[in-house]
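Q: Predicted model, plus sequence, below.
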Amino acid sequence: MHSRAYLLLQRDFYDLKENNYKGITARPVSEDMMEWEVEIEGLQNSVWQGLVFQLTIHFTSEYNYAPPVVKFITIPFHPNVDPHTGQPCIDFLDNPKKWNTNYTLSSILLALQVMLSNPVVENPVNLEAARILIKDESL
């Protein structure tokens with residue numbers, strides 16, 4: 001018998017394939033569906049347009065009561081991505097109290113794609129990237 005997390009991730013995978021979001025591909029690495037490989041393209045008309053970022057997502061048996069661990073393998077120079085760990089700074093991924101069981105794999109991936117194009121310079125994890133963005137956005 002499969003776990004609750006497995007069944008939810010199967011549903012999320014079906015939803016992801018069904019919606020075919022532009023610039024987002026994701027697939028489970030193994031049959032247990034707890035590890036995923038992801039590619040996210042930068043949004044059109046953004047500094048990241050045409051670039052593809054590779055990520056991993058690790059789910060636990062607590063999904064969707066707890067957020068997964070997301071890491072960029074291709075780490076962008078971005079105020080909201082830790083330059084050492086590759087972890088994105090998105091409140092609902094960082095703080096389990098802000099996690100909502102309505103979040104799905106698709107909503108996580110879409111949030112990551114939007115985060116790339118819309119950096120938040122308040123409370124950045126990459127201070128240098130935030131400083132440069134504040135000084136001259138074109139850099």
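A: Received the coordinates, thanks.

Q: Strands of this structure, start to end?
A: With DSSP state E as the criterion, the chain has strands at 24-28, 35-41, 52-58, 69-72.

Q: Just the CA trace of the second one, in PDB.
A: Just to be clear, that refers to strand 35-41. Coordinates of the C-alpha atoms in strand 35-41 are reproduced here as PDB (Å, rounded to 0.1, in the frame of the first residue of the first chain):
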ATOM      1  CA  GLU A  35      13.000  12.900  -4.900                       C
ATOM      2  CA  TRP A  36      12.400  15.100  -8.000                       C
ATOM      3  CA  GLU A  37      14.500  16.700 -10.700                       C
ATOM      4  CA  VAL A  38      13.100  20.000 -12.000                       C
ATOM      5  CA  GLU A  39      14.000  22.500 -14.800                       C
ATOM      6  CA  ILE A  40      12.600  26.000 -14.700                       C
ATOM      7  CA  GLU A  41      13.100  28.500 -17.400                       C
END
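
Q: average model confidence for that strand?
A: Strand 35-41 carries an average pLDDT of 97.

Q: Can you give me the buried ones in that strand?
A: 36, 38-41 (16 or more other C-beta atoms under 10 Å). From N, CA and C alone the C-beta is placed, and that goes for glycine too.

Q: That one pairs with which strands?
A: In the sheet, strand 35-41 lines up against strand 24-28 (antiparallel), strand 52-58 (antiparallel) (DSSP bridges).
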